[in-house]
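Asker: below are the sequence and a predicted model; questions follow.
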Amino acid sequence: MTTPTPDAYYDYARVPLLDLLPTAPRRFLDIGCGNGATAAAAKQRWPSMTAIGVEIVPEAARRAAERLDRVVIGSAEAIDFAAENIGDIDAVLLADVLEHLVDPWGFLRKLRVALSSDAVIVASIPNVANLWLLEELAAGRFDYTPEGLLDSTHLRFFTRATIARMFDDAGFSIERWERTTDGRVDDLTRHRLLGVMLPVPLAGRVKGRRVDVRDVDAEGYQDLRTIQFAVVARPRPPA
């Protein structure tokens with residue numbers, strides 16, 4: 001999954017996230033839809049679906065309104081789904097959204113009222129337990145940037161474990177995990193001996209420049225390489 005340039009941020013189609021939808025949606029809700037590029041790509045793929053967007057930036061929302069069936073302008077956290085007559089949604093896209101919310105846990109719980117019984121959520125979320133970022137912290141740096149792991153607009157930070165707990169606490173089951181890996185981590189963990197590139201050790205230990213992580217299995221190493229997780233989740237039936 002490539003990262004868009006800042007100028008193209010609101011008009012960037014996240015097609016790889018659409019590929020994670022297991023079936024063709026009927027009513028598609030794109031939270032933080034930007035200019036509507038991703039939802040427009042979804043409509044092109046599934047012409048019969050209804051596409052609804054939510055976008056807080058008015059200029060982007062107006063552009064999205066030209067592409068989608070309906071766009072609500074405002075904060076995702078402030079939206080009243082019932083009052084806006086948004087319901088029976090069977091596919092939701094949360095592309096780099098949850099980390100920008102004040103209360104993403106509460107938002108996921110509130111979202112359930114707008115979903116059909118067979119709904120699916122696809123969400124992408126940055127991974128704060130990325131080895132490159134751990135190296136930055138070890139060097140005393142936590143410098144915000146216009147985009148990426150330390151995007152200056154991020155309010156919340158997540159690891160794989162806390163992503164899983166957030167969805168579970170909100171009443172969702174994660175069915176699938178995908179990763180976008182970080183080439184900077186590969187540069188940190190690959191070492192040379194007499195000019196020969198050595199393989200990354202997986203015998204319980206991963207060594208960077210400053211950080212030495214122990215008790216790491218193969219999957220844990222892949223998590224350290226991950227800059228962003230993508231999850232596919234469904235609401236659990238009421239108890």
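Answerer: Arrived safely.
Asker: who does the strand or helix carrying residue 40 touch, helix- and strand-wise?
Answerer: Residue 40 belongs to helix 37-45 when assigned by DSSP states H and E. Where contact means 3 or more Cβ pairs under 8 Å, 6 or more residues apart in numbering; DSSP states H and E, helix 37-45 is packed against helix 15-18, strand 27-31, strand 50-55, strand 89-95. Yep, even glycine has a C-beta here, placed from its N, CA and C like the rest.
Asker: which stretches of this protein form strands?
Answerer: 27-31, 50-55, 70-73, 89-95, 115-126, 172-181, 192-193, 196-197, 204-207, 212-216, 226-235 (DSSP state E).
Asker: hang on, the earlier thing: among the helices and strands packed on helix 37-45, which is nearest residue 226?
Answerer: The closest of the helices and strands packed on helix 37-45 to residue 226 is helix 15-18. By Cβ to Cβ, the value is 14.6 Å.
Asker: contact partners of that closest one?
Answerer: With contact meaning Cβ atoms under 8 Å, 6 or more residues apart in numbering, helix 15-18 is reached by 1, 38, 41-42, 45, 93, 95, 122, 124, 230.
Asker: if we use 10 Å, what do you get?
Answerer: Contact partners of helix 15-18, identified using Cβ atoms under 10 Å, 6 or more residues apart in numbering, comprise 1-2, 25, 28, 30, 37-39, 41-42, 45-46, 91, 93-96, 122-124, 178, 180, 230, 232.
Asker: now residue 63, nearest residue through space, not along the chain?
Answerer: Excluding the flanking residues, the one nearest residue 63 by Cβ to Cβ, 6 or more residues apart in numbering is residue 35, at 4.3 Å.
Asker: my guess is that neighbour meets residue 11, correct?
Answerer: Yes: Residue 35 is in contact with residue 11 according to Cβ atoms under 10 Å; the separation is 4.2 Å.
Asker: looking at those two, which is more packed in?
Answerer: With neighbours defined as other Cβ atoms under 10 Å, residue 35 and residue 11 compare such that residue 35 has more, 25 against 16.
Asker: ok, that one - contacts?
Answerer: Applying Cβ under 10 Å, 6+ apart, we find residue 35 in contact with 8-13, 53, 55, 57, 59-67.
Asker: do the same with residue 43
Answerer: By Cβ under 10 Å, 6+ apart, the contact set of residue 43 is 28, 36, 49-51, 67-69.
Asker: with adjacent residues omitted, what lies nearest to residue 96?
Answerer: Sequence neighbours aside, residue 124 is the residue nearest to residue 96 in space, at 5.5 Å (criterion: Cβ to Cβ, 6+ apart).
Asker: contacting residues around the nearest residue to residue 176 once chain neighbours are set aside?
Answerer: For residue 176, ignoring the flanking residues on the chain, the nearest one in space by Cβ to Cβ, 6+ apart is residue 232 at 4.0 Å. Counting by Cβ under 10 Å, 6+ apart, residue 232 touches 17, 20-22, 120-123, 173-178.
Asker: which two from these end up farthest apart in space?
Answerer: With Cβ to Cβ as the measure, no two of the contacts of residue 232 lie farther apart than 17 and 173, at 18.7 Å.
Asker: of those two, who's got more company?
Answerer: Looking at residue 17 and residue 173 with other Cβ under 10 Å, you find the greater number of neighbours at residue 17, namely 23 against 12.
Asker: now do that one, the pLDDT please.
Answerer: Note on residue 17: pLDDT of 98.
Asker: still on that earlier bit, quick one: the residue nearest to residue 176 and residue 179, what's the gap?
Answerer: Between residue 232 and residue 179 the distance is 13 Å, computed by Cβ to Cβ, to the nearest Å.
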